[in-house]
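>>> my questions concern the predicted model and sequence given below.
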Amino acid sequence: MWFTFALPAQLTHGARVLVVCLGLFAIAKVAIAARFNQTVREVLVDFLVTRIAIIVIAELAAVIIGQRAGSHVSESTHTMLAVWGRWDAVHYLDVATKGYGGTDMAFFPLYPLLIRILGALTGNHLIAGLLISNASFFFGLLYLYKLLEHEFDRAVARRAIFYVSIFPSAVFFSAVYTESLFFFLTVASFYYMREHKWWHAGAIGFLAALTRSEGVLLAVPFAIEWWGTYRTHVREGVASALAVILIPAGLFVYMAYLWVLRGDPLYFSHVQIHWNRHFAPPWVAFADAFSKLIHTTAGQVAANESLEIGFTLLMIVVLIGGWRRLRPSYIAYMGLSVLIPMSTSSLMSMPRFALVLFPMFAILARWGEKPWINNAIVAFSLPLLGLFTVLFADWYWVA
């Protein structure tokens, strides 16, 4: 009621004022929790410091440098909003606004569905996407902190959330991309696996598989954790084992939808040919990337290929070097999450795929106990994060 005296009429009537009130309530609740809870406080500090810095850099880059030459889609007339609607964000916003069509079917439905629902309240799908992405990232950090605190200690958890927040491609956590939502759902599913709340883990895994196809991989760590818990008394765990069915069910729901819509339940995979992706042994992707790097005369192509090769090697090196430091379920999930995109004949977007591999950050956080390794990680991440943010804001391809 009091808002009606201070704000424009269009903001104080209908659904928008409800969203504003809910947002203020959520902010107040998090602020109070941060005052009395160390975990929330440390997560909130990392979230705010890194997000504010990224937003400032992106906005300054969009204003001072401007867009890359050429014709580009603008999802908003306001520069401060439009900067977050680059590249794949256009597809998600199109699905949320118009529904599926053409190559948009490569993008899974949960994220655009949430944008459509919240967008009906905010009156703007781009704002809705930003709210979903940033809220998801905050809760993803919170779950990761609690997960690694239980596995190791607060120091490891603290370093891990910081490394995630400053990873070079972390700009995508604040854009209209699925990275935040998928990160949140996968970490939350792992958290409930470790808590032996199998149905919680399965239900969240269902949502993860509706967000990205790789979400179905959560069935593997689920099976490993369940077996580790009930292998000596299997009969007691039969009922909880059924929860694993929920994880692939998320993928099957989308496949059923595509079967009705297109007559092809695997259309989301077949349409990947539009981006020159198809199934191939992992070494084919490496060979193709090295071939492009060697034969190209274009500096931008050489830089992109170098980054994709470099980040792929980073994931592989961390996996091989740190596999003894984590539980088998974490290593199995990370290994499959690296292998699947490498088997698409292309290393495109590998810096972004690395962003949601939370076991990698757990390994780095354990290595970061040594000051020189911690300094190296920070020195490597921060400059590249600034560079990637500027490139993304100005319509240059990042990942």
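Good, I have the coordinates. Numbering: from 1, shown residues only.
>>> and the next helix or strand past the worst-scoring helix or strand of the chain on mean pLDDT?
Least confident helix or strand, the chain: helix 3-6 with a mean of 60, by mean pLDDT, DSSP states H and E. Once the chain leaves helix 3-6, the next helix or strand it forms, by DSSP states H and E, is helix 15-36.
>>> mind listing what's buried along the helix or strand just after that following helix?
Under the assignment DSSP H and E, the closest C-terminal helix or strand after helix 15-36 is helix 38-64. Neighbour counts over helix 38-64 (16 or more other C-beta atoms under 10 Å) mark 39-40, 42-44, 46-47, 50-51, 53-55, 57-59, 61-62 as buried. In this view, the C-beta of every residue, glycine as well, is placed from N, C-alpha and C.
>>> for this protein, which spans come out with low pLDDT?
By pLDDT under 70, the low-scoring segments of the chain are 1-14.
>>> spatially central residue in it, please.
Centroid check for the chain by C-alpha atoms, centre = their mean gives Glu179 as the closest residue, at 1.7 Å.
>>> just give the closest residue to that one, not the sequence neighbours.
Phe172 (4.5 Å; C-beta to C-beta, 6 or more residues apart in numbering).
>>> contacts only, for the one you found.
Glu179, Ser180, Arg352, Leu355, Phe392, Ala399 (C-beta atoms under 8 Å, 6 or more residues apart in numbering).
>>> my guess is the fourth one meets Ala170, correct?
Which is Leu355. Yes. Contact between Leu355 and Ala170 holds when scored by C-beta atoms under 8 Å: they sit 6.5 Å apart.
>>> overlap in contacts, these two.
Val164.
>>> just the helices in the stretch 51-200 of the chain please.
Taking DSSP state H, counting those that start in this stretch as the test, the helices found in the stretch 51-200 of the chain are 79-82, 88-98, 110-122, 125-151, 154-166, 179-194, 198-211.
>>> and these, which is most packed in?
Stretch with highest mean neighbour count among the helices of the stretch 51-200 of the chain: helix 179-194 (a mean of 26; mean count of other C-beta atoms under 10 Å).
>>> from the chain's centroid, how far away is that helix?
10 Å (C-alpha atoms, centre = their mean, to the nearest Å).
>>> count of neighbours near Ile320?
9 (other C-beta atoms under 10 Å).
>>> relative to Ile224, how far out is it?
Distance, Ile320 to Ile224, by C-beta to C-beta, to the nearest Å: 19 Å.
>>> and if you look at Trp283?
Counting by C-beta to C-beta, the gap from Trp283 to Ile224 is 27 Å.
>>> cool, Phe167 as well?
26 Å.
>>> higher neighbour count, the two?
Phe167 (28 against 18).
>>> residue contacts, the more buried one?
Phe167 neighbours (C-beta under 8 Å, 6+ apart): Ala354, Leu355, Phe361, Ser381, Leu385.
>>> mind doing that once more with 6 Å?
By C-beta atoms under 6 Å, 6 or more residues apart in numbering, the residues touching Phe167 are Leu355, Ser381.
>>> ramachandran coordinates for it?
Main-chain torsions, Phe167, degrees, to the nearest 10: phi -60, psi 140.
>>> which residues of the stretch 201-350 of the chain fall in strands?
For the stretch 201-350 of the chain, no strands turn up when DSSP state E, counting those that start in this stretch is the criterion.
>>> how about Glu42: what's its closest non-neighbour residue?
Per C-beta to C-beta, 6+ apart, closest to Glu42 is Arg158, 5.9 Å.
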